[in-house]
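# kindly return the folded structure for what I paste below:
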Amino acid sequence: MVKKISEIYKDYKILPTLQEHMLRVAAVASFVCDNFNEPLPKDEIITACLLHDMGNILKFKWDSLSEFLKPEGLEYWQNVQNEYKKKYGEDEHQATVKIMKEIGLPGNIISLVEQVQFSLFCDHRVSNDFVSKIIVYADSRVDPHGVVSYEERMSEAKKRYQNHSLRTEEKERQRLVACGKDIEKQIFAKCKIKPEDINNKTVASIIAELKNFVIK
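Residues are numbered from 1 along each chain as shown. Below is the predicted model:
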């Protein structure tokens, strides 16, 4: 399959707020790649970022997302969620993998996406794989409303998941957050930019370009 990411999002009925999230994550990663001191497979990184949450509608709790459901409305998106459950199962990570296989993505891209989990932050910290580090870090710089600092994203996630089945026990959460902060330091030790150089303004033009990014 060779399609623009915007077409793939349309085909899979991806919620606009989820599209924006994945585009922002990809833009953050792209900006890091462009300012990294070592060669990187930028297109692979961007592809993984643009697809890493394709199945996330499965975990959405609609009472906390009412502002993001227009113009289609709650009934429409509830039906889409039900369609996903019927076709891909209940697990959002497995659904994302199934969708990527359906699209025809190679195994290395699927493997990268499988690494995008908060629970793996400390594994990434001790790894020498900067491709995965950059992808998980980019994801940890975007909240539901835009690009924020790593600390702001971790604080927002703590509040959002405090009463959720996916909530991490506090001691373990703090350990993982600290590992993520170390990943940030590792990345920017090899960059021409600083973490604060990445914000909504600096990635805006990248997001616009990425809407036409072709998935091969």
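# what are the buried residues along stretch 133-153?
133-143, 147-150, 153 (16 or more other Cβ atoms under 10 Å). Just so you know, the C-beta spots here come from the backbone N, C-alpha and C atoms, and that holds for glycine as well.
# between those, which sits nearest residue 90?
For those, the residue nearest residue 90 by Cβ to Cβ is residue 139; the value is 21.8 Å.
# if I look at the closest one, how far off is residue 4?
According to Cβ to Cβ, to the nearest Å, residue 139 stands 22 Å off from residue 4.
# cool, and residue 198?
Residue 198 is 25 Å from residue 4, by Cβ to Cβ.
# where along the protein do the helices fall?
5-11, 16-34, 42-51, 74-88, 92-103, 107-114, 121-126, 130-139, 150-160, 170-188, 200-210 (DSSP state H).
# could you check the angle the fourth one makes with helix 92-103?
Right, helix 74-88. 70 degrees (axes from the mean of the first three to the mean of the last three Cα atoms, to 10 degrees).
# with adjacent residues omitted, what lies nearest to the residue nearest to the spatial centre of the chain?
The residue lying closest to the centre of the chain (Cα atoms, centre = their mean) is residue 139, at 4.4 Å. Residue nearest to residue 139 in three dimensions, not counting chain neighbours: residue 25, with 5.0 Å by Cβ to Cβ, 6 or more residues apart in numbering.
# model confidence for that neighbour, exactly?
For residue 25, the model assigns a pLDDT of 98.
# who's in contact with it?
By Cβ atoms under 8 Å, 6 or more residues apart in numbering, residue 25 lies in contact with 49-50, 52, 138-139, 141-142.
# list just the nearest of these to residue 173.
residue 139 (16.0 Å).
# wait, doesn't that closest one sit right on residue 116?
Yes: here residue 139 lies in contact with residue 116, judged by Cβ atoms under 8 Å, at a distance of 5.7 Å.
# quick check: the residue lying closest to residue 190 once chain neighbours are set aside vs residue 127, distance?
Leaving out its chain neighbours, the residue that sits closest to residue 190 by Cβ to Cβ, 6+ apart is residue 37, at 4.8 Å. According to Cβ to Cβ, residue 37 and residue 127 sit 18 Å apart.
# between these two, which is the more surrounded one?
residue 127 (15 against 9; other Cβ atoms under 10 Å).
# what would the helices of the chain look like in CSV with distance to residue 57?
Converted to CSV, those look like this (distance: least, Cβ to Cβ, whole Å):
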stretch, distance to residue 57
helix 5-11, 12
helix 16-34, 7
helix 42-51, 14
helix 74-88, 5
helix 92-103, 8
helix 107-114, 16
helix 121-126, 24
helix 130-139, 17
helix 150-160, 16
helix 170-188, 24
helix 200-210, 21
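# which of the ones you listed has the lowest mean pLDDT?
helix 150-160 (a mean of 91).
# which other residues reach that one?
By Cβ under 8 Å, 6+ apart, helix 150-160 touches 64, 118, 137, 140-144, 148, 173, 177, 180-181, 184, 195.
# contacting residues around residue 210?
So residue 210 contacts 5, 23, 26-27, 30, 46, 50 (Cβ under 8 Å, 6+ apart).
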